[in-house]
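> this is a predicted model, with the sequence first.
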Amino acid sequence: MGLPLATRLKPSQLRLVRSIHDTGKLQLAAEAVNMTQPSASRLLADIEAEVGGALFDRQPRGMTATALGEAFVRHAQVILAELESLAAEVGSLQSGKAGGVRVGSVTGPAVSALLPALMKVRRIAPDIQPTIEVAPSAELMRGLEEGRFDFIIARISPDSDARAYQAYPGRTEEVAFLVREGHPLAGGRVSLQAALEYDFLIQEPGSPIRLAFEQAFLENRIAMPERITNSSSLLIALSLVGQSDTIATQTHEVAQMLSGIGTGLTTLDLDTAISVPPFLVIHARKRKLTSVAQRLLDEVLRHL
C-alpha cells in the first residue's frame, strides 16, 4: 500500500500550486518560487499524478483552478500558514525577538480594544511585529479559516462551523449617526423619522450595522430611507459626510474617534438606541497560538 498523500507532498509543491493559483501563469509562479518554468511544469505534472487529476485548466489566457485545484489550494494555504508560523516562532525563540502576530478586526473593537492592547503589549515587548487588518466579519472569518490570522475580533458567520473555533465574548456595540458639524439636525434630540429627510451612507446589506439599522426602523414602524449609499469605507464616509448633509452609520467608538480628531464631524443625539450584536474574539481550536499572539489576545480580553 502506498504512503498517504499527506506524507508524499512537499512544501515546495504546495507553494508552487498556491503561486499558480495566485498568478494564473506558470512562468510567473515559477519565478515566485525560484524555479525554472520547465522545472515548475514537471513538478506540477508530478503533483497532479499524485492527486489523480488536473488542478488547473490550461487556457490561452492563463491557468484557472479546477474544483480539485480549489480544494488543494485551500488546504495548502492552511498548511503553509502553519509552516510559516512555525518558522517565525522558531526564529523568534532563537533570536530572542518577540516575533509576529496577525490579527483581523471589525472597525469598532479595533479602535476601542485592539489598539490599546497592542500599545500595552508593545511596552513589554517592543520588538513585536504586528499585522492588523480591518475588514467585515465575513472576510475576517475567511482569513481565519485560511490561516491568515492568529485571531480575529469579529462575528462568526452563519455558514461557519462554530465548533471549530474558540470564542470569547466581547461587547454589544451601539450605532451612531455621524454628520458634519453644522448639519441641520445637529445639536438637538433627533428621531428616526426626522432623519428620513436626509441621504444615508450605510454598510452593505447583511452587515451587522445594516441589520441593526433596519431592525430599528422596523420596530418603530418607520419606512427605511429611500436614498441610501452602500459602503463600509471610512474614507468614503469622511468625504461624503464632510461635504454634504448625508448621515453615516458607524459604531459609537468609531464615531467618537472621528468626531474628536478635528474632522469637523459630530454625532446626532438619537432618541432611539440601535444596538449591534456582540462581537467575539475568535481563534481556530486546531491551531495553537504563538506566545506573542496569546499575549496580545489576553491583553485584548482585558480591554473588553
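Received the coordinates, thanks.
> in this protein, which strand has the most residues?
strand 173-180 (DSSP state E).
> helices or strands up against that strand?
Under the contact criterion of 3 or more CB pairs under 8 Å, 6 or more residues apart in numbering; DSSP states H and E, strand 173-180 touches helix 208-219, helix 234-243, strand 247-251, helix 252-259, strand 265-267, strand 275-276. Yep, even glycine has a C-beta here, placed from its N, CA and C like the rest.
> try 6 Å this time
helix 234-243, strand 247-251, helix 252-259, strand 265-267 (3 or more CB pairs under 6 Å, 6 or more residues apart in numbering; DSSP states H and E).
> and the longest one with strand 247-251, angle?
Meaning helix 234-243. Orientation check (axes from the mean of the first three to the mean of the last three CA atoms, to 10 degrees): helix 234-243 against strand 247-251 gives 140 degrees.
> now helix 234-243: how far from the chain's centre is it?
Centroid displacement of helix 234-243 relative to its chain, using CA atoms, centre = their mean, to the nearest Å, is 22 Å.
> next one: the second one
From the chain centre to the centre of strand 247-251 is a distance of 20 Å (CA atoms, centre = their mean).
> the third one too?
Here the centre of helix 252-259 is set off from its chain's centre by 20 Å, with CA atoms, centre = their mean.
> what sits up against that helix?
Around helix 252-259, the neighbours that count as contacts under CB atoms under 6 Å, 6 or more residues apart in numbering are Thr107, Gly108, Val111, Ser112, Glu174, Ala176, Leu178, Leu265, Thr266, Thr267.
> show the buried residues in those.
Buried subset of these (neighbour count, 16 or more other CB atoms under 10 Å): Thr107, Gly108, Val111, Ser112, Glu174, Ala176, Leu178, Leu265, Thr266, Thr267.
> Arg287 versus the closest residue to Thr290 other than its chain neighbours, what's the distance?
Nearest residue to Thr290, sequence neighbours excluded (CB to CB, 6 or more residues apart in numbering): Glu89, at 4.9 Å. Distance, Glu89 to Arg287, by CB to CB, to the nearest Å: 12 Å.
> for burial, what's the neighbour tally of Thr219?
Just so we're on the same page, residue 219 is Glu rather than Thr. 11 (other CB atoms under 10 Å).
> actually, Leu297.
For Leu297, using other CB under 10 Å, the count is 23.
> so it is in contact with Phe151, correct?
Yes - with contact defined as CB atoms under 6 Å, Leu297 and Phe151 form a contacting pair (5.3 Å).
> counting by contacts, list what the longest helix seen in the chain packs against.
Using DSSP state H to define each element, the chain has its longest helix at helix 67-95. Counting contacts by 3+ CB pairs under 6 Å, 6+ apart, helix 67-95 is packed against helix 11-23.
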